[in-house]
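Peer 1: can't give you the sequence, but here's the structure:
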């Protein structure tokens, strides 16, 4: 009897060791996506919200850092032609600069309405809504207290194929003047082909307007004190939207052919940016919406920086993209690589519906009704050209 008990104990021990080794080997050969997401403390807002930083990593060593204030991307690394990963998005050096207004909207999720709405008002189903006037006579990027200032709930997704963060925020009826209780979900996914995928969803309990986007500024040189005028840009668009003195579209859809706005083939951003052109003078450079060719998910823009070899491709299912050449960066803040965030040291490619669509019937509608689901997706894909 005693011998039998000893044998059973030995057998149990062997099974435990085998099981543990098998589990350990599985964890080595099949790492879960949660192992590629790190969470750390980032700071505290004036309202007392504890802000966390979430770091996504892929198998190549690429990193994306996101905070739950404004859904802001504070860091995104990409490889150069020598295989060196460097941060390529502008941002502040101090957390409080994100919390105290973020005047440039660095890295932020934008809502409820990206870009401008004329005279900070629109009419929907016979009712006129006055929204926050924070850009001269107009409303810009959802108002002063838009989504870029909100505390987002962030949840790492355990069963996702790639490291993924799920961000959610509920905007109450009347927030910044917009109608309807809007529930928004955004997914940030970092894939193994060095792409950052951003997926948006939203629902409402009352008719409203919506135009979500992401406002990261890029500088593919990795040196944020350098201007982006040497970057080469291509936009798959034959037309753009001219604007008035307050940067509201006039309603005209103008051909880019023969103008400084022609980026149908790669050309340096700085090539025509100082041309004697009325539209460039109004925007102090490029700050316009291009009407994208095609529909559905497609490649709509490419940026190439010869010195580093970095390439960024943008794919989206949106009808437009706002190309902004950093004309209002004014050197008031330090960069993450030394120096200041000066004039034109970063550019944005904000995929979106058109500015002022709620007031312009000829533009694609941005109305969202109860029972409908707003869905959109944009991908920023990084590669190298040697």
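Peer 2: Arrived safely. No experiment lies behind these values; they were computed from the predicted model shown.

Peer 1: quick one: contacts for the residue lying closest to residue 286 once chain neighbours are set aside?
Peer 2: Leaving aside its sequence neighbours, residue 286 sits nearest to residue 325 (CB to CB, 6 or more residues apart in numbering; 4.3 Å). C-betas here are computed from N, CA, C, even on glycine. Under the criterion of CB atoms under 8 Å, 6 or more residues apart in numbering, the neighbours of residue 325 are 228, 269, 273, 285-287, 344, 347.

Peer 1: just checking, residue 383 touches residue 313?
Peer 2: Yes - assessed by CB atoms under 8 Å, residue 383 is found in contact with residue 313 at 7.2 Å.

Peer 1: hmm, back to that, need the pLDDT of the residue nearest to residue 286.
Peer 2: Note on residue 325: pLDDT of 98.

Peer 1: And the one 5 residues further on, by the same measure?
Peer 2: At residue 330, the predicted lDDT confidence score is 96.

Peer 1: Hmm, residue 246 is touching residue 139, no?
Peer 2: No - checked against CB under 8 Å, the pair residue 246 and residue 139 is beyond contact range at 11.1 Å.

Peer 1: So for the two, which residues contact both of them?
Peer 2: What both residue 246 and residue 139 touch, as defined by CB under 8 Å, 6+ apart, is the set residue 116.

Peer 1: Same drill for those two, tell me which one is more crowded.
Peer 2: Remark: of residue 246 and residue 139, residue 139 carries more neighbours, 28 against 13, as counted by other CB atoms under 10 Å.

Peer 1: Quick one: classify the more buried one as helix, strand or coil.
Peer 2: strand (DSSP: H, G, I helix; E, B strand; the rest coil).

Peer 1: which residues sit in contact with it?
Peer 2: 113, 116-117, 120, 131-133.

Peer 1: To which secondary structure element type does residue 176 belong?
Peer 2: Residue 176 - assigned by three-state DSSP - is helix.

Peer 1: how near is the residue nearest to residue 286 to residue 208?
Peer 2: Noted for residue 325: a distance of 31 Å to residue 208, by CB to CB, to the nearest Å.

Peer 1: cool, residue 240 as well?
Peer 2: 27 Å.

Peer 1: Against residue 347, how distant is the residue nearest to residue 286?
Peer 2: Where residue 347 is concerned, residue 325 sits at a distance of 5 Å (CB to CB).

Peer 1: how about the strands of the stretch 101-250 of the chain, start to end?
Peer 2: 109-110, 116-117, 121-124, 127-130, 139-140, 153-156, 164-171, 182-190, 195-204, 208-209, 213-214, 232-235, 237-241 (DSSP state E, counting those that start in this stretch).

Peer 1: Any chance of the contacts of residue 325 in JSON lines with distance to residue 321 and secondary structure as columns?
Peer 2: Conversion of the contacts of residue 325 to JSON lines gives the following (distance: CB to CB, whole Å; DSSP: H, G, I helix; E, B strand; the rest coil):
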{"residue": "228", "distance to residue 321": "16", "secondary structure": "coil"}
{"residue": "269", "distance to residue 321": "14", "secondary structure": "coil"}
{"residue": "273", "distance to residue 321": "17", "secondary structure": "coil"}
{"residue": "285", "distance to residue 321": "16", "secondary structure": "coil"}
{"residue": "286", "distance to residue 321": "11", "secondary structure": "coil"}
{"residue": "287", "distance to residue 321": "12", "secondary structure": "strand"}
{"residue": "344", "distance to residue 321": "18", "secondary structure": "coil"}
{"residue": "347", "distance to residue 321": "11", "secondary structure": "strand"}
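
Peer 1: Tell me which residues touch residue 96, please.
Peer 2: The neighbours of residue 96, taking CB under 8 Å, 6+ apart as the test, are residue 43.

Peer 1: Can you tell me the SS state at it?
Peer 2: helix.

Peer 1: distance between the ends of stretch 209-222?
Peer 2: 37 Å (CA to CA, to the nearest Å).

Peer 1: next one: stretch 325-342
Peer 2: Termini of stretch 325-342 sit 12 Å apart (CA to CA).

Peer 1: What is the three-state secondary structure of residue 381?
Peer 2: Under three-state DSSP, residue 381 comes out as strand.

Peer 1: That one against residue 303, yeah?
Peer 2: No - Residue 381 is beyond contact range of residue 303, at 10.9 Å (criterion: CB under 8 Å).

Peer 1: Measure how buried residue 78 is and give me the count.
Peer 2: Residue 78 is flanked by 27 other residues according to other CB under 10 Å.

Peer 1: wait, isn't residue 236 in contact with residue 264?
Peer 2: Yes - using CB under 8 Å, residue 236 makes contact with residue 264 at a distance of 7.5 Å.

Peer 1: So for these two, which residue has more residues nearby?
Peer 2: residue 236 (17 against 14).

Peer 1: who's in contact with that one?
Peer 2: 264, 292-294, 298-301.

Peer 1: same question, residue 199
Peer 2: 186-187, 189, 375-377 are the contacts of residue 199 under CB under 8 Å, 6+ apart.

Peer 1: and these, which are buried?
Peer 2: Among the contacts of residue 199, the ones that count as buried by 16 or more other CB atoms under 10 Å are 186-187, 189, 376-377.

Peer 1: Can you pull the phi/psi pair for residue 359?
Peer 2: Backbone torsions for residue 359, taken as degrees, to the nearest 10, come to phi -110, psi 0.

Peer 1: ok, it to residue 108 distance?
Peer 2: In terms of CB to CB, residue 359 sits 24 Å off from residue 108.

Peer 1: Between those two, which has more neighbouring residues?
Peer 2: Set side by side, residue 359 and residue 108 show more neighbours around residue 108, with 26 against 17, by other CB under 10 Å.
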